[in-house]
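Colleague: Next input, structure requested:
(one chain, ligands or ions: 1)
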Amino acid sequence: MERIGTEREAISLLSMALPRPPAGETWLGDDAAVLSGQGDASLLLATDSLVAGVHFDLRWSSLADVGWKALTANVSDIAAMGGEPVAAVVAVAGATVADLEHLYSGLVDAAATYRCPVVGGDLSAASELVVSVAVLGSTREAGPVLRSGARVGDSLLVTGVLGRAAAGMRSLRGDARRGGELETAHRRPVARLAHGRAAALSGASAMIDVSDGLAIDLDRLALASGVGVELTEVPVAAGATLGDALGGGEDYELVFAARDLKRVNEHFAAADLPLPLEIGTCTADASSRLLFGEEMPVSGYEHFLG
Ligand SMILES: [Mg+2]
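Modeller: Numbers count the residues shown, from 1 in each chain. Presented below is the predicted three-dimensional model:
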């Protein structure tokens, strides 16, 4: 099989293969596709697959955890647009009936937590277990917040400390000291729906969820917006390293750009959420990625290496 390369190259190839979206819609290249809804509302549509041996290892996660994570990853993409989930469908390949029962116990827990019912799906045979979820969402009072709206001079903020999932993974593998809370963060991450909504309401100009690692996800936001980034703070979770925080991924915190920090704090406080942490600014040199004044390595988990 021909090596396709990075996810970015694959997306640009697919953008050429597909027709252009109508005005007001965004198809490829954001956390979720944005489609015209009724009135001012937009519909959001996202999908994500978890593949055994690639995205999860049943030595460290139960099938119920995999079900939880599959829905969480999708709902997080809706959160990253400032939207609300409506419903999900789930396609499972390569599962036995007993597998399905365990998988769905986690899916149903997540569906209740996010108020995102699983309303259908598909089953098929396969040699590996693959769980694919598609979620429909919508925007209400605010949003959608794309990746592409950040402007030079905007502050960059993150909704919580980073590196918990990666540190939890090391702990589960036994290469680090045990940490119950970190292991839970790896097995049962939580999508930041209320945070995404507060960010959208407070005028966030761009937003993305930290699914692959702060450095690579911030690079995606910067590329889409045509700005550089300069990080002056990285909030590292207790028990995690700076490397976990920058490159670990699967934390599902949200990173967003905003101009009016007072307004941001007011909206987060009004929603009873911890205030987001300021980590840096958007700069004019679009190719620049600085961390503490030095060039930042853009690491992270690159899913698409064909
Ligand atoms: Mg995303």
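Colleague: Only C-alpha atoms from now on, for both contacts and neighbour counts.
Modeller: OK.
Colleague: which non-adjacent residue is nearest the residue in the stretch 151-300 of the chain that the ion sits nearest to?
Modeller: The ion sits closest to residue 209 of the stretch 151-300 of the chain, with a gap of 4.8 Å, by Cα to the ion. Nearest non-adjacent residue to residue 209, counting by Cα to Cα, 6 or more residues apart in numbering: residue 254, 4.4 Å away.
Colleague: per-residue pLDDT, the one you found?
Modeller: Looking at residue 254, its pLDDT is 98.
Colleague: what's the burial count for it?
Modeller: For residue 254, the count of nearby residues is 28 (other Cα atoms under 10 Å).
Colleague: same deal with residue 52?
Modeller: The burial count for residue 52: 15, using other Cα under 10 Å.
Colleague: Would you agree it is in contact with residue 127?
Modeller: No - if you go by Cα atoms under 8 Å, residue 52 and residue 127 don't touch, sitting 10.0 Å apart.
Colleague: residues shared between the contacts of the two?
Modeller: Both residue 52 and residue 127 lack any common contact, where contact means Cα atoms under 8 Å, 6 or more residues apart in numbering.
Colleague: Kindly export stretch 279-299 (C-alpha atoms) in CSV.
Modeller: The C-alpha coordinates for stretch 279-299 follow below in CSV (Å, rounded to 0.1, in the frame of the first residue of the first chain):
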residue,chain,number,x,y,z
ILE,A,279,-1.3,29.7,28.2
GLY,A,280,-0.1,32.2,25.6
THR,A,281,-0.9,34.4,22.7
CYS,A,282,-1.5,34.3,18.9
THR,A,283,1.3,36.0,17.0
ALA,A,284,1.8,37.5,13.6
ASP,A,285,4.5,35.1,12.2
ALA,A,286,2.2,32.3,11.0
SER,A,287,5.1,29.8,11.0
SER,A,288,6.2,30.4,14.5
ARG,A,289,5.5,27.9,17.4
LEU,A,290,7.2,29.1,20.5
LEU,A,291,7.3,27.5,23.9
PHE,A,292,9.0,29.5,26.7
GLY,A,293,10.7,31.6,24.0
GLU,A,294,12.2,28.6,22.1
GLU,A,295,11.0,26.6,19.2
MET,A,296,8.3,24.1,20.3
PRO,A,297,8.5,20.6,19.0
VAL,A,298,5.2,19.7,17.4
SER,A,299,4.8,16.2,18.8
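Colleague: That stretch: which residues count as buried?
Modeller: Residues of stretch 279-299 classed as buried by neighbour count (16 or more other Cα atoms under 10 Å): 279-283, 288-291, 296, 298-299.
Colleague: residues making contact with that stretch?
Modeller: Residues from elsewhere that reach stretch 279-299 (Cα under 8 Å, 6+ apart): 150-158, 213, 215-216, 219, 222-223, 226-235, 246-247, 257.
Colleague: interface residues of the protein facing the ion?
Modeller: Selection of the chain residues close to the ion by Cα under 5 Å from the ion yields 31, 77, 209.
Colleague: Inside helices: which ones of the residues you listed?
Modeller: Those of those mapping onto helices are residue 77, per DSSP state H.
Colleague: What ranges does the stretch 201-306 of the chain have for its strands?
Modeller: Assigned by DSSP state E, counting those that start in this stretch, the stretch 201-306 of the chain shows strands spanning 206-209, 228-231, 254-258, 277-283, 289-291, 294-295.
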